[in-house]
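>>> I need the structure of the sequence given here:
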Amino acid sequence: MKTAPDLPIIEPQSIGTFARYRTEILSGLTVALALVPEAVAFSFVAGVHPLVGLYAAFIVGLITACFGGRPGMISGATGALAVVMVALVASHGVQYLFAAVILMGIFQILAGIFKLGKFIRMVPHPVMLGFVNGLAIVIFIAQLNQFKVEDHLGNHSWMTGFPLYMTVGLVILTMGVIWATPKITRTIPAPLMAIASVSFLVIVLNIDVPRVGDLASIKGAMPAFSLPDVPFNMETLKIILPYSFILAAIGLIESLLTLNLVAEMTETHGGASRECSAQGLANVVTGFFGGMGGCAMIG
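Next comes the predicted model:
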């Protein structure tokens, strides 16, 4: 989940008027448009098909919105989990990831049942800052592979010359748009504005740079229920157990940190244990429907 910046936090009892419904619809559209590029980007970080990230954004977002600990939070595929998932996907394949996500969800449900979420209050503020900044560094390092090109033999090497300068220039331009947009308007999410404006520039000027379509197709259908295609034995459990535990811990930490942040912003209280259970339920369902799982998104 992530906080919904500059969007009103609407309590259930206040919903009913046309204005409230309009606000809900516009807020939902804004969040959906902002989540799609993030889900695709984190899919690449995790080494899975973009649809796997989109399924997670859809399922996790829907379930946590219905059963989560408070309004004003948004869930989906996250970078904090993606950087852990990539090792499992690379070594054993995406089906083991689905199994790990299901077990991750079970751990999170147990955390909610035993009310372990309350212990997030004991985390010092410097630790929160270190977690967020460390996450940013890890995500940045994971993006460096996008500066490599593949030759006809399948070997990868670093970009050089004009392609490198153009790619770096577009990265800097995108960062600049994200930085400047909130200073001009808060109606349109900054990431969405950056993606739309820079993509428009690349298309109009016909700039030769790699595009999402060159990496993978995002065409597909609605997610369908299926059991992970892995052996149901102790060997599989030994493989996924460490990843599931780490993913569950990271997911709950990020979710509960976001919950505390929203509570501070709104001077209200959220249900930490309920949030843990909602996160767990969402990830169990996501694993059975071919998603990469998710958690609260700090951003």
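>>> so who does Ala282 touch?
59-60, 63-64, 67, 75, 105, 294 (Cβ atoms under 8 Å, 6 or more residues apart in numbering). From N, CA and C alone the C-beta is placed, and that goes for glycine too.
>>> Just the buried residues out of these, in ChimeraX syntax.
Here is the ChimeraX command that selects the buried residues among these (16 or more other Cβ atoms under 10 Å):
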select :59,60,63,64,75,105,294
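>>> can you tell me which two in the contacts of Ala282 are farthest apart?
Farthest-apart pair in the contacts of Ala282 is Phe67 and Gly294; separation 14.2 Å (Cβ to Cβ).
>>> immediately after the strand or helix carrying Glu38, which helix or strand?
Here Glu38 sits within helix 18-46, counting by DSSP states H and E. Scanning forward in sequence from helix 18-46 by DSSP H and E, the next helix or strand is helix 50-67.
>>> list the buried ones in that next one?
Neighbour-count burial for helix 50-67, counted by 16+ other Cβ under 10 Å, picks out 50-61, 63-65.
>>> Now it - C-alpha only, CSV.
The C-alpha coordinates for helix 50-67 follow below in CSV (Å, rounded to 0.1, in the frame of the first residue of the first chain):
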residue,chain,number,x,y,z
PRO,A,50,4.5,-7.6,-16.4
LEU,A,51,1.1,-9.3,-16.1
VAL,A,52,2.3,-10.9,-12.9
GLY,A,53,2.8,-7.4,-11.4
LEU,A,54,-0.5,-6.1,-12.8
TYR,A,55,-2.4,-9.1,-11.3
ALA,A,56,-0.8,-8.3,-7.9
ALA,A,57,-1.7,-4.6,-8.2
PHE,A,58,-5.3,-5.5,-9.0
ILE,A,59,-5.9,-8.3,-6.4
VAL,A,60,-3.9,-7.0,-3.5
GLY,A,61,-5.2,-3.5,-4.0
LEU,A,62,-8.9,-4.7,-4.0
ILE,A,63,-8.7,-7.0,-1.0
THR,A,64,-6.7,-4.7,1.2
ALA,A,65,-9.1,-1.8,0.4
CYS,A,66,-12.0,-3.9,1.5
PHE,A,67,-10.5,-5.5,4.6
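>>> Against which helices or strands is the helix or strand following that helix packed?
Reading on from helix 50-67 to the C-terminus, the next helix or strand found by DSSP H and E is strand 73-76. Counting contacts by 3 or more Cβ pairs under 8 Å, 6 or more residues apart in numbering; DSSP states H and E, strand 73-76 is packed against strand 2-3, helix 18-46, helix 50-67, helix 234-266, strand 295-296.
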